[in-house]
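Asker: After the sequence you'll find the predicted model.
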Amino acid sequence: MTALLLVEQTLNGIQLGVMLFLMAAGLTLVFGIMDMINLAHGSFYMIGAYLTATFASLFDSFVLALVVAIPLAALVGLAVELVALRTLYRRDHLDQVLATFGLILFFNELVRILWGPVPVFLDPPSFLSSTVEILPGAPYPAFRLAIIAVGIAVALFLWVLIGRTRLGMLIRAGASNREMVSALGVNIGLLYSLVFALGAGLAALAGAMAGPILAVQGGMGEQILILTFVVIVIGGIGSIRGAFIGALLVGLVDTFGRIGLPAAFRLLLDPSMADGVGASLSSMSIYILMAAVLFFRPRGLFPAPA
């Protein structure tokens, strides 16, 4: 593997990782604080992509579409929490899984009704549609670099929010002992609503960033949701730092597995068989990583304090 290809694939892995982090950060907060298994988290990713594509077409501006679409998706998440999920906090996890799976079906049908079954395509902003020469002879899409920058900025924002603000103090306290926090006069219901809306907004931001790279279509949230749960398990449930490190690990392992394993097997097998075996093993690589991490660290790399 040449140095230029190595740099390019490393950036691809980081870009995938920060997108997974945007998904995992909200989901790990919801589970760590609210003890809620939300399978419908990927639906907010899909809603964010659709809303951004719609407003980008309406306003002819990707940035303006983001400014409108992300808060709107967060409001959708807030409405879902108030109407459908608030009654599930004291129910067991099986009830939560069944209810949020029903929400997946609801949102998938809703987007088909509103936008139709044909995929929608979203163009990146014109000022990010070019390439940047990261090394001599190694151009890289500017929009992918922008995704990396947005992911890092969100990670810094969450670090400040959770670790340096009063709201973050309440969030950490609610995760540790919600009954005591409630007894001290904190509106725990409002805190849950804010956390859920924040998680929905982060998922929508990930969907908006993915729109110009992938086709915007119904059901697009399910595949990334599986990777998001892998990230949370690797990083540690309830940990923002764990979500960030776990997301980068999954992104890099997945990217290099898809490139390196088929090439490695070509040294041992004929090309057609090597590509098949390499592709199969590369799709398993992140789950092998998860199993290895859990073998040595059953609670993940950076579990939240008990």
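Answerer: Arrived safely, thanks for sending.
Asker: for Leu64, phi and psi?
Answerer: Per-residue torsions, Leu64: phi -60, psi -40 (degrees, to the nearest 10).
Asker: nearest spatial neighbour of it, skipping sequence neighbours?
Answerer: Residue nearest to Leu64 in three dimensions, not counting chain neighbours: Phe55, with 7.0 Å by CB to CB, 6 or more residues apart in numbering. For glycine as for every other residue, the C-beta is placed from the backbone atoms N, C-alpha and C.
Asker: The one you found - that's part of a helix, no?
Answerer: Yes. Counting by DSSP: H, G, I helix; E, B strand; the rest coil, Phe55 is part of a helix.
Asker: burial count for Thr2?
Answerer: 8 (other CB atoms under 10 Å).
Asker: quick one on the thing from earlier: what degree of burial does the residue nearest to Leu64 show, as a neighbour count?
Answerer: For Phe55, using other CB under 10 Å, the count is 20.
Asker: show me what contacts it?
Answerer: Taking CB atoms under 8 Å, 6 or more residues apart in numbering as the contact definition, Phe55 lies against 64-65, 68-69.
Asker: can you check Ala56 too?
Answerer: Applying CB under 8 Å, 6+ apart, the residues contacting Ala56 are 62, 64-65, 122-123.
Asker: any idea how far it lies from Arg172?
Answerer: If you measure Ala56 against Arg172 using CB to CB, to the nearest Å, the figure is 37 Å.
Asker: can you pick the most crowded of the contacts of Phe55?
Answerer: With neighbours taken as other CB under 10 Å, the top of the contacts of Phe55 is Ala69, carrying 26 neighbours.
Asker: Check what pLDDT that one gets.
Answerer: Here the pLDDT value assigned to Ala69 is 95.
Asker: again with the one 4 residues further on
Answerer: At Ala73, the predicted lDDT confidence score is 96.
Asker: doesn't Phe44 make contact with it?
Answerer: Yes. Ala73 lies in contact with Phe44 (CB atoms under 8 Å); the separation is 5.8 Å.
Asker: quick one: common contacting residues for these two?
Answerer: Taking CB under 8 Å, 6+ apart as the criterion, Ala73 and Phe44 both touch 200-201, 203-204, 207.
Asker: Now do the SS call for Ile134.
Answerer: Recorded secondary structure, Ile134: strand (three-state DSSP).
Asker: Three-state assignment for the nearest residue to it once chain neighbours are set aside, please.
Answerer: Leaving aside its chain neighbours, Ile134 sits nearest to Tyr140 (4.9 Å; criterion: CB to CB, 6+ apart). At Tyr140 the chain is in strand, as set by three-state DSSP.
Asker: cool, Phe302 as well?
Answerer: Following three-state DSSP, Phe302 is assigned to coil.
Asker: and it, how far is that from Ala247?
Answerer: Separation of Phe302 from Ala247 (CB to CB): 12 Å.
Asker: These two - which one has more neighbours?
Answerer: Ala247 (30 against 18).
Asker: hang on, that one is in a helix, isn't it?
Answerer: Yes. Judged by three-state DSSP, Ala247 forms part of a helix.
Asker: Now tell me what touches the host helix or strand of Leu158 from outside.
Answerer: Using DSSP states H and E, Leu158 falls within helix 142-164. Helix 142-164 has contacts (CB under 8 Å, 6+ apart) with 11-12, 14-15, 17-19, 21-22, 25, 124-125, 127-132, 134, 167-168, 171-172, 202, 205, 209, 212-213, 240-241, 244.
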